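In: Below: sequence and its predicted model.
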Amino acid sequence: MTVVDIDDGPVAVDAPVLDGPAQDGYEPGLAPLGPGPSADDPCTMSLSAVLLVILGDGRLMTLLGDRGWSASGHADIWHRTLIEEVEETARMVVGPDEPFGRHSQADMETDHWASLASSLRQQGMAVDAEELRRLPHDVELTERLRRRLTEA
């Protein structure tokens, strides 16, 4: 699962690497660490994405917590951007990366999933890359991002 939020500046996952189930009334998300781009700028949209895996017991484990993107343009960029566009971009941002040099798309995908599986194994989770690749990849937008995209 990828969680997307408004990027208020440098961010960190709001809990340790092994987050646990979300408490009632809370959602996985990001917490600002300091000043950054203004979320009030109508011409610029900066978003952060965190890739999480949901364990069998409901706990959440962070796989990638340092991803995000920005877009700029029209004064109403927030209202011109569709939720589906954000979801699609979020899936691209958390990988696999595009091929470069002599690397094929298959190479990039293999390396991406192997790296994520290795990260989980280092934290005591028994999973292989192919198993991880087959998991569904849901994208959730935080409530404040949904409001910002849909408010008139």
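Out: That came in fine, so what should we check first?
In: what's the closest non-adjacent residue to His137?
Out: Arg91 (6.1 Å; Cβ to Cβ, 6 or more residues apart in numbering). Using the backbone N, CA and C atoms, a C-beta is placed for each residue, glycine as well.
In: distance of the one you found from Glu109?
Out: Here the criterion is Cβ to Cβ, to the nearest Å. By it, Arg91 lies 13 Å from Glu109.
In: Now do the shared contacts for those two.
Out: When contacts are counted by Cβ atoms under 8 Å, 6 or more residues apart in numbering, the set common to Arg91 and Glu109 is empty.
In: Poorly predicted segments of the protein, please.
Out: 9-39, 152 (pLDDT under 70).
In: need the helices for it, in chain order.
Out: 77-80, 83-93, 105-122, 129-133, 143-150 (DSSP state H).
In: what's the closest of those helices to Thr62?
Out: helix 105-122 (9.1 Å; Cβ to Cβ).
In: Buried residues in that closest one, which are they?
Out: Met108, Glu109, Thr110, His112, Trp113, Leu116, Ala117, Ser119, Leu120 (16 or more other Cβ atoms under 10 Å).
In: nearest residue to the last one other than its sequence neighbours?
Out: Read it as Leu120. Per Cβ to Cβ, 6+ apart, closest to Leu120 is Val127, 5.1 Å.
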